[in-house]
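Chemist: From the sequence below, what's the structure:
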Amino acid sequence: MSTASSSNARNGDEESDEESNLTAAFEAAAINATHRRSSTLVTSDDREEEEEDANVETVNNPTPEPEPEPENPTSTVNTRPTRRRKQTTPLSRHQAFAREVRRLQMNPGFMIPRLSFGRVVREILMRQSDPPLRMTMGALEGLQTATEMYLTQRFEDAYMLTMHRGRVTLENRDMALMTYICQKFGQL
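Modeler: The predicted model follows:
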């Protein structure tokens, strides 16, 4: 009976030694982890202490426990929230629109490309006359100038109706109302 109690006492001492060694190893690992996070400058003495702690840890615990993997691996990769692009306000859109209108008004050239306008005029002339008529470049430029001035004036007036309604987007009903006003009261 005394041999059984002495073997139990030895087992109890061995278990308590193992527990104390494990707790010492865990405390050392915790201290090393906080030391790594808190200091950026690591001296050679610190490295030697870390190696000794690692050696103690491997002696006491030969099979290290695997670290638990994060549940969502993508969340650890990009922890910074994505930034949304700032949306433009209606006022800044209006300013950009006004700036573009001023730029186009200052441009001395034609708004409609000359070749496209010439094709449309040629198509209309072929439909309207039996023998195809020919136009000089000066006549075509004069016709294009008059056409662009008429369309620009029509769009300006229609856009004034749009702004009067308190909107920004030119709609078909604004153009129809402008056509009605011009027919009813003559060319304005």
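Chemist: Just the C-alphas of stretch 79-93, formatted as PDB.
Modeler: Presented in PDB, the C-alpha positions along stretch 79-93 are these (Å, rounded to 0.1, in the frame of the first residue of the first chain):
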ATOM      1  CA  THR A  79      -9.700  45.200 -43.000                       C
ATOM      2  CA  ARG A  80     -10.000  48.800 -44.300                       C
ATOM      3  CA  PRO A  81     -13.500  49.700 -45.400                       C
ATOM      4  CA  THR A  82     -13.900  50.600 -49.100                       C
ATOM      5  CA  ARG A  83     -14.400  54.200 -49.900                       C
ATOM      6  CA  ARG A  84     -17.300  55.300 -52.000                       C
ATOM      7  CA  ARG A  85     -16.700  57.800 -54.700                       C
ATOM      8  CA  LYS A  86     -18.200  61.200 -53.900                       C
ATOM      9  CA  GLN A  87     -21.300  61.800 -56.000                       C
ATOM     10  CA  THR A  88     -21.700  65.100 -57.800                       C
ATOM     11  CA  THR A  89     -24.300  67.400 -56.600                       C
ATOM     12  CA  PRO A  90     -26.900  69.000 -59.100                       C
ATOM     13  CA  LEU A  91     -25.200  72.300 -58.600                       C
ATOM     14  CA  SER A  92     -21.800  71.100 -59.700                       C
ATOM     15  CA  ARG A  93     -23.400  69.200 -62.600                       C
END
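Chemist: buried ones in that stretch?
Modeler: By 16 or more other Cβ atoms under 10 Å, stretch 79-93 has no buried positions at all. Placement of C-beta: from N, CA and C, glycine included.
Chemist: any idea of the mean pLDDT in it?
Modeler: What stretch 79-93 shows for mean pLDDT is 75.
Chemist: who touches it?
Modeler: With Cβ atoms under 8 Å, 6 or more residues apart in numbering as the test, stretch 79-93 has contacts from Ala96, Val168.
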